[in-house]
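[1] With the sequence up front, the predicted model follows.
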Amino acid sequence: MIIHLLEEALQFCLKISNNVTVGAGSVLINDFPDNVTAFGNPSKKYKNLIQLNNNIMVSVCMITYNQEKFIRDAIEGVLMQDVAFDIEVIIADDNSSDNTEKIILDIATKHTNGSWIRYTKHKTNKGMMPNFIWALQQCKGKYIALCEGDDYWTDSYKLQKQVDFLENNLTYSGVFGKVKALVDGGLIDDTEIENRYNKIDNKEKIEITHLLEHSNFIHTCTFFFRKEALKISPFWNLSPVGDIMLFANIIRNGYVKRLDYYIAVYRRNTGVYSSLSYDVMLKKQIQYRICMLAECSKTNEKIILINQLNQKIDELELIIKKRSKIKYYNFKSKNQFLKYLFKSFSILKSRIYKLIGRITFQYL
């Protein structure tokens, strides 16, 4: 298992290093290929779902895939919002095979605010990141709010409070809030996120270095940001994790701040990432940090990420050393196998270094 993870990481680095232009910055992908069926076209019964006011203040971006158990709570948490402006709800269904679509259509036709919904079911499965990027590109609002299909909002004034804050604080590009984690049917505080957040020295003006140094302290279902701050990078498609790439993108264009009240519930261990084994998670952590590194233009940001990458690679090495049962595949001996691994780790690190040509080895 480990050797396959390592080989994937090596190939991933090669793919990035062959395509990156250091310091080039982000570009907006305007022409994203797609093959979709847009809800509302086939029948007059559903036409009201796409006849939306062009004056949209907030676009709610929601991606879903086979979430029939959770999608109703997610949508109804959005439709209960009490606001003084126009909202659209972009729901991007990545070709679910369960009853997710049936539930969405039922809510859209029966709920008082069902006309807010713009629903699309893709004809083929795009994958999480392409679906997320596609959904973001459909958003027409001045602001974008995120809520994935397995989480839900609990405060009916969530959007109004967040709009009010950004309208009155122009140096800020985004805002987020507190959540309760739903675990085994009970609501608890997310202590891991809170511990990271509490390490921030200036909570009034959170900057990109805070996110890079302390890892993610923002729950996706609470994040709210200015659309004009969003610049989608080609590296997003290569990252296994989308939210932290987006957070970094937004924070580079202004401060963010947490409004200290509970506004949502996060379901723990229902998402793909949270259910991974530790070694697979390590691989993905290496991958998304490489993607973030490829987007960096400032030396201090690169140094932070390089140090973290070295640490994650060392963790992966440690796992291999501690494994009592190692499959040597076609290697004649354990020593030969370990030499191959350590050489591979050296190659992996060297490929990472190639991504950041402006930093000399004295910083590594």
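    Happy to help now that I have it.
[2] and Ala181, that's in a strand?
    Yes: remark: Ala181 belongs to a strand, assigned using DSSP: H, G, I helix; E, B strand; the rest coil.
[3] That one: how many residues sit nearby?
    Ala181: 18 surrounding residues under other C-beta atoms under 10 Å. C-beta: built from backbone N, CA, C; applies to glycine.
[4] Test my guess that it contacts Tyr262.
    No: applying C-beta atoms under 8 Å, one finds Ala181 not in contact with Tyr262, separated by 11.0 Å.
[5] Just after the helix or strand where Val89 lies, pick out the following helix or strand.
    Using DSSP states H and E, Val89 sits in strand 87-93. Later in the chain than strand 87-93, the nearest helix or strand by DSSP H and E is helix 100-110.
[6] quick one: least confident helix or strand in this protein?
    strand 36-38 (a mean of 38; mean pLDDT, DSSP states H and E).
[7] what is the orientation angle of the next helix or strand after that one with helix 100-110?
    Next along the chain after strand 36-38, taking DSSP H and E as the criterion, comes strand 58-64. Strand 58-64 runs at 150 degrees relative to helix 100-110, counting by axes from the mean of the first three to the mean of the last three C-alpha atoms, to 10 degrees.
[8] now strand 58-64, how far from the chain's geometric center?
    Taking C-alpha atoms, centre = their mean, to the nearest Å, one finds strand 58-64 lying 13 Å from the centre of the chain it belongs to.
[9] swap in stretch 86-99?
    Taking mean C-alpha positions (C-alpha atoms, centre = their mean), stretch 86-99 and its chain are 17 Å apart.
[10] and what of stretch 189-205?
    Using C-alpha atoms, centre = their mean, the offset of stretch 189-205 from its chain centre is 19 Å.
[11] please renumber so the chain begins at 31
    Renumbered: residue one is now 31, and that last one reads stretch 219-235.
[12] Check the average confidence over that stretch, would you?
    Across stretch 219-235, the average pLDDT comes to 95.
[13] Show me what it is in contact with.
    Applying C-beta atoms under 8 Å, 6 or more residues apart in numbering, the external contacts of stretch 219-235 come out as 209-211, 236, 240, 243-249, 285, 287-288, 296, 298.
[14] what's the span of that stretch from first residue to last?
    23 Å (C-alpha to C-alpha, to the nearest Å).
[15] Just to check, His152 is in contact with Ile121?
    No: in this structure, His152 is not within contact of Ile121 by C-beta under 8 Å, at 11.4 Å.
[16] So for those two, which sits in the more crowded spot?
    Ile121 (28 against 19).
[17] residues in contact with that one?
    Contacts of Ile121 by C-beta under 8 Å, 6+ apart are 92-94, 105, 134, 147-150, 179.
[18] Quickly run through the sheet partners of the strand holding Val119, with directions.
    Counting by DSSP bridges, the strands paired with strand 117-123 are strand 88-94 (parallel), strand 147-152 (parallel).
[19] Make TSV from those and add mean pLDDT and distance to Asp219 to it.
    Formatted as TSV, these follow (pLDDT from 0 to 100; distance: least, C-beta to C-beta, whole Å):
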stretch	mean pLDDT	distance to Asp219
strand 88-94	98	25
strand 147-152	98	32
